[in-house]
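Student: coords below, sequence missing:
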């Protein structure tokens, strides 16, 4: 018996000796560098998107035309582009062996919509309501505010996203995050400092870009705004930032909490955005500078907008529409950039955080100012960047670098909802879980 026991022990030792430890599968290039690749594409596409949107807005100029464009035409057009993107997406997944992906993937209540099963449509409906309010309010003033000023004011989004994420998601920031946000605010002041101190709105001052309230039209000339118009347009643009910030924080909560498929979320939130666009249609009847429309004239306004988009001049004063190529040409190109950057924005929000993606947008807007100097992209509204603009761009880039020195922290109560997307990223650090009751925005 002793010999048999010895023999068994030897056999067990031999088996244990020959057992090879399981090795972790090495990450591929795309998986390892997914964040830098997605971030780089996001910055370039977002910047081009803003420049092209500004060009189209400048061409339409009339507040009524821009409200029709951004509330009725754009939501529907971007959904058509998104559908053209989703069909190949499903086809590729199906060919890769995921037979569960079929045309039913697009249907509501799809259990593949997230790792936790079907996603309530009400959640996806709320995805886009903040975006549509923001777009609606930025449409009319967009033609009367310079590209640089738009970028500067949009950077205030950082403050609202950080504040809302701290309140509703419990995100906790460290010293470098506060410093990064402060640097963003300082970059805004640096960019505006000369215009604020001089504010020379004489003809020469406008040509030297020293007037705070002047804008450059598609005709290549600077046009001053009256005090009332400046307060209205700048106020509308600034107020529009908050609903967009709230929407970004809400997207992080849903995407990370349920590990929602990004393409599915893009599709259904876009469907509801078409509805929200129609809900915002009554803005056409609000009296604005250059807009005094009665509800009975709504159909005529829609027809005139399409006429302008195709390069015709519906009425006297709409001469900005008569450009070549027509505004519709640039709008079609814009749609491709817009759809792509929105998908990448959701990816960054899901795998990192809304605050991180917003800080990254600062760098996008800096590149927007640079691309806004190129007449081929910006048209007659192309403007050269001043020394202050360049310094603000550098400062905002440093802010992004500083912000990323440490990771945000989210309370542990959110881990059980988010760990599924973290496993997809393969960035879980189990050593921290025993000593720290929080996890960072990348899932560690």
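Tutor: Great, that's in hand. What you see is a predicted model; the values in this text were computed from it and never measured.

Student: Test for you: state the pLDDT assigned to residue 331.
Tutor: Reading off the confidence values, residue 331 has pLDDT 92.

Student: Can you tell me, leaving aside adjacent residues, what's nearest to it?
Tutor: residue 56 (5.0 Å; Cβ to Cβ, 6 or more residues apart in numbering). Using the backbone N, CA and C atoms, a C-beta is placed for each residue, glycine as well.

Student: Give me the below-cutoff pLDDT ranges for this structure.
Tutor: 1-33, 35, 218, 345-346, 349-363, 365-366, 378-382, 410-444 (pLDDT under 70).

Student: ranges for the strands of it?
Tutor: 214-216, 222-224, 409-411, 438-440 (DSSP state E).

Student: Not counting sequence-adjacent ones, nearest residue to residue 222?
Tutor: residue 206 (3.8 Å).

Student: Can you check which helix is longest in the chain?
Tutor: helix 227-258 (DSSP state H).

Student: Would you mind measuring from the closest residue to residue 200 other than its chain neighbours to residue 39?
Tutor: Closest residue in space to residue 200, ignoring its immediate chain neighbours: residue 210 at 4.2 Å, by Cβ to Cβ, 6+ apart. Distance of residue 210 to residue 39, given as Cβ to Cβ, to the nearest Å: 35 Å.

Student: So which of these two has more stuff around it?
Tutor: More crowded of residue 210 and residue 39, by other Cβ atoms under 10 Å: residue 39, with 21 against 18.

Student: Distance of the closest residue to residue 264 other than its chain neighbours relative to residue 131?
Tutor: Distances taken as Cβ to Cβ, 6+ apart put residue 113 closest to residue 264, at 4.8 Å, once the chain neighbours are dropped. Taking Cβ to Cβ as the measure, residue 113 falls 20 Å from residue 131.

Student: what about these two, which has more around it?
Tutor: Per other Cβ under 10 Å, whichever of residue 113 and residue 131 has more neighbours is residue 113, with 25 against 20.

Student: Go ahead and confirm the more buried one touches residue 263.
Tutor: No - assessed by Cβ atoms under 8 Å, residue 113 is found out of contact with residue 263, at 9.9 Å.

Student: intersection of neighbour lists for those two?
Tutor: Common neighbours of residue 113 and residue 263 are not found (criterion: Cβ atoms under 8 Å, 6 or more residues apart in numbering).

Student: Quick check: closest non-adjacent residue to residue 205.
Tutor: For residue 205, the spatially nearest residue (Cβ to Cβ, 6+ apart) is residue 211, at 5.3 Å.

Student: residues near the one you found, how many?
Tutor: Neighbours of residue 211 (other Cβ under 10 Å): 22.

Student: returning to that earlier point: against which helices or strands is the longest helix of the chain packed?
Tutor: helix 121-142, helix 147-154, helix 157-164, helix 262-279, helix 327-351, helix 354-371, helix 415-425 (3 or more Cβ pairs under 8 Å, 6 or more residues apart in numbering; DSSP states H and E).

Student: now with 6 Å?
Tutor: helix 121-142, helix 157-164, helix 327-351, helix 354-371, helix 415-425 (3 or more Cβ pairs under 6 Å, 6 or more residues apart in numbering; DSSP states H and E).

Student: residues in contact with the third one?
Tutor: Residues outside helix 327-351 that contact it (Cβ atoms under 6 Å, 6 or more residues apart in numbering) are 38, 41-42, 45-46, 48-49, 52-53, 55-56, 59, 77-78, 81-82, 251-252, 255, 262, 266, 309-310, 357, 425.

Student: ok, 7 Å please
Tutor: Residues outside helix 327-351 that contact it (Cβ atoms under 7 Å, 6 or more residues apart in numbering): 38-39, 41-42, 45-46, 48-49, 52-53, 55-56, 59-60, 77-78, 81-82, 85, 248, 251-252, 255-256, 262, 265-266, 308-310, 321, 356-357, 360, 421, 425, 442.

Student: what's the angle between that helix and helix 262-279?
Tutor: If you take axes from the mean of the first three to the mean of the last three Cα atoms, to 10 degrees, helix 327-351 sits at 130 degrees to helix 262-279.

Student: same question, the second one
Tutor: Counting by the same axes, to 10 degrees, helix 157-164 lies at 100 degrees to helix 262-279.

Student: re earlier: what sits against the residue nearest to residue 222?
Tutor: For residue 206, the contact set (Cβ under 7 Å, 6+ apart) comprises 214, 222, 224.

Student: now do 8 Å
Tutor: Neighbour list for residue 206: 200, 214, 222, 224 [criterion: Cβ under 8 Å, 6+ apart].

Student: just the buried members of those residues?
Tutor: Buried members of these, counted by 16 or more other Cβ atoms under 10 Å: 200, 214, 222.

Student: The last one contacts residue 215, doesn't it?
Tutor: Spelled out, that is residue 222. Yes - between residue 222 and residue 215 a contact is recorded at 7.0 Å, counting by Cβ under 8 Å.

Student: Look at the residue nearest to residue 331 and say how many residues are nearby.
Tutor: 24.

Student: can you give me how far stretch 144-156 is from the chain middle?
Tutor: Distance of stretch 144-156 from the chain centroid (Cα atoms, centre = their mean, to the nearest Å) equals 15 Å.

Student: please begin residue numbering at 3 from this point
Tutor: Let's use 3 as the start, then, which means that last one is stretch 146-158.

Student: hmm, who's touching it?
Tutor: 52-53, 56, 140, 144, 186-187, 189-190, 193-194, 216-218, 227, 231, 235-236, 239-240, 243, 363-364, 367-368, 370-371, 374, 380, 383, 385, 387, 391, 394, 398.

Student: Stretch 76-95 now?
Tutor: 103-105, 107-108, 134, 137, 265, 268-269, 272-273, 275-276, 278-279, 333, 337-338, 340-341, 345.

Student: Done for today, thanks.
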